[in-house]
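K.L.:
Quick one, structure for this:
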Amino acid sequence: MTMLTEMAADTVDILSEWAEDLEIHRATNSYDASGIATRTWAQVGSFVGDWQAASGDTMRLEAALSIKIEAVAFGPVGIDVAENDRIQKTSDGSFMYVSYVRHQEEHTEIMLRKTETA
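P.N.:
Got it, this is the predicted structure:
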């Protein structure tokens, strides 16, 4: 087993002990005859992850990229999540919008905000 494989396995072990069930929801728009859009959210996936509050400060994530984040969710490698998706807690239905996704070699970090528009 390679070191990265072991680190990814460690992430899964830690999440199984400390995390909660989270759902990924993605929006689609449909349009009526007059062109008015209706947004619908549908679950497109789920994962066991750790959702932690953040300071709400603007964070510099990478060169020329700074965003305000109010929470961070940590999940396993390879989950299908994208900017502007919603992450929803299965336990109480609360949700936040995805600002940024950082796919690391051993886990996935999802930066979250409370409002739909960044």
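K.L.:
Strands along the chain, start to end?
P.N.:
Under the criterion DSSP state E, the chain contains strands at 20-31, 37-53, 58-62, 65-68, 71-75, 86-89, 95-103, 108-113.
K.L.:
and stretch 77-85, which residues are buried?
P.N.:
77, 79, 81, 85 (16 or more other C-beta atoms under 10 Å). Every C-beta, even on glycine, is put in place using the N, C-alpha and C of the backbone.
K.L.:
Go through these and say which is closest to residue 92.
P.N.:
Residue 92 has its nearest neighbour among the buried residues of stretch 77-85 in residue 85, at 18.5 Å by C-beta to C-beta.
K.L.:
Identify the residues contacting that closest one.
P.N.:
For residue 85, the contact set (C-beta atoms under 8 Å, 6 or more residues apart in numbering) comprises 24-27, 44, 97-98.
K.L.:
Ok, residue 78 next?
P.N.:
By C-beta under 8 Å, 6+ apart, residue 78 lies in contact with residue 108.
K.L.:
same deal with the one 5 residues further on?
P.N.:
By C-beta under 8 Å, 6+ apart, the contact list for residue 83 reads 98-101.
K.L.:
pLDDT, neighbour count and distance to residue 111 for the residues you listed - can I get that in a markdown table?
P.N.:
Listed next are the contacts of residue 83 as a markdown table, based on pLDDT from 0 to 100; neighbours: other C-beta atoms under 10 Å; distance: C-beta to C-beta, whole Å:
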| residue | pLDDT | neighbour count | distance to residue 111 |
| --- | --- | --- | --- |
| 98 | 94 | 21 | 7 |
| 99 | 91 | 21 | 5 |
| 100 | 90 | 18 | 4 |
| 101 | 92 | 17 | 8 |
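K.L.:
Turn those into CSV, including distance to residue 56.
P.N.:
Below are the contacts of residue 83 laid out as CSV (distance: C-beta to C-beta, whole Å):
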residue, distance to residue 56
98, 16
99, 12
100, 15
101, 19
